[in-house]
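Chemist: 3D, please:
(one chain, ligands or ions: 1)
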Amino acid sequence: MASTKDSNRASGLSETGDPSKGMISLASVRDSLIRQEDTIVFSLIERARFPYNAPVYDHSFLGSGQSLVELFVRESEALHAKAGRYQNPEEVPFFPDDLPLPLPLPCDNPQATAPVSVIEAIWNMYFNDLLPLITVKGDDGNYALTAAADLACLQALSRRIHYGKFVAEVKFRDAPQDYSPAIRNKDGDALMKLLTFKSVEEMVKRRVEKKAMVFGQDVTLQDKGDKVEFTDGEIKVDPSVVSHLYDEWVMPMTKHVQVEYLLRRLD
Ligand SMILES: C=C(O[C@@H]1C=C(C(=O)O)C=C[C@H]1O)C(=O)O
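Modeler: Reported below is the predicted structural model:
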């Protein structure tokens, strides 16, 4: 019989569950999602510093048929693939075809999880829906920095959404008797009901809105002891847009990943 360690590795969930640290539990997996909110909010703030910068997305701008942001993401992923980034099941490349093989570096990644990927949906959502909401119209010529900021946003969103695989694994292990019949019946709707926690979702939406509000303000130090003061300037990324991002796209996609993962869980 496979040991817990073996089955953890086979599911891509490290023994520590995080899947990098801590105990295997829904609470620790949720802690990781909460930490990832900070990365997402900060990456959106960085991107919102620049105007939309349309040439970055224009397929005729470079003369090669590829947009600057595509070139930037592809070439970055090639480098990251060499260093072994995609050996880690938390990381899913946007352009998985033709990636170079990883260098033979010693590493201790868990084995791959079931190959669930919603990379195309994330890409389309980011460029078609989100970007126009977090940027102002205009062009300041900062194309390379804009593409780099897009990459950071895409990676943070992708990691969070594909983390649904780990959330699903923990939920399955906590209650295999509840999930197994729905998995065997290939009943995606029943799985969706089982894994949905509306009260958690409400909390997530409120928390990310608050984070955008707090992280998006400049902090000033006045001569008033230790009291932290925020300046009254504009908030760097609209908190209601961040809440909307989670409500409309991040949480539904994370749940879709969970359903797809669970449907394969007993194969
Ligand atoms: C991720 C979870 O599963 C679902 C998705 C959520 C999310 O994406 O934040 C929150 C609650 C659940 O409805 C979870 O239970 O924590």
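Chemist: close to the ligand: what parts of the stretch 151-267 of the chain are there?
Modeler: Counting by C-beta under 6 Å from any ligand atom, the residues of the stretch 151-267 of the chain close to the ligand are 167, 195-197, 200-201, 204, 251, 254-255. All C-beta atoms are positioned from the backbone trio N, CA, C, and that covers glycine.
Chemist: which of these are buried?
Modeler: Listed as buried from those are 167, 195, 201, 204, 251, 254-255; burial here means 16 or more other C-beta atoms under 10 Å.
Chemist: please flag which of the residues you listed sit within strands.
Modeler: For those, not one is inside strands, with DSSP state E as the criterion.
Chemist: farthest-apart pair in these, please.
Modeler: Within those, two members stand farthest from each other by C-beta to C-beta: Leu195 and Val204, at 14.2 Å.
Chemist: turn the buried ones among the residues of the stretch 151-267 of the chain next to the ligand into a markdown table, columns for pLDDT.
Modeler: A markdown table is the format used below for these (pLDDT from 0 to 100):
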| residue | pLDDT |
| --- | --- |
| Val167 | 96 |
| Leu195 | 98 |
| Glu201 | 98 |
| Val204 | 98 |
| Met251 | 98 |
| Thr254 | 98 |
| Lys255 | 98 |
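Chemist: tell me the one among the residues you listed nearest to Ser25.
Modeler: Nearest to Ser25 among these is Val167, at 11.2 Å by C-beta to C-beta.
Chemist: ok, and the closest non-adjacent residue to the closest one?
Modeler: Nearest non-adjacent residue to Val167, counting by C-beta to C-beta, 6 or more residues apart in numbering: Val29, 5.3 Å away.
Chemist: tell me which helix or strand comes right after whatever helix or strand Ala121 lives in.
Modeler: Secondary structure here is read from DSSP states H and E; on that basis Ala121 sits in helix 119-124. Later in the chain than helix 119-124, the nearest helix or strand by DSSP H and E is helix 131-134.
Chemist: list the contacts of that next one.
Modeler: Contacts made with helix 131-134 from outside it, assessed by C-beta atoms under 8 Å, 6 or more residues apart in numbering, are listed as 44, 47-48, 52, 150, 237-238, 241, 244-245.
Chemist: among those residues, which lie within strands?
Modeler: Secondary structure assignment (DSSP E) places none of those within strands.
Chemist: so which of these is the most crowded?
Modeler: Most neighbours among those, by other C-beta atoms under 10 Å: Leu44, with 29 neighbours.
Chemist: contacting residues for it?
Modeler: Shown here is Leu44, whose contacts under the criterion C-beta under 8 Å, 6+ apart are 134, 153, 212, 237, 242, 245.
Chemist: burial of Val242, as a residue count?
Modeler: The number of residues packed near Val242 is 28, by other C-beta under 10 Å.
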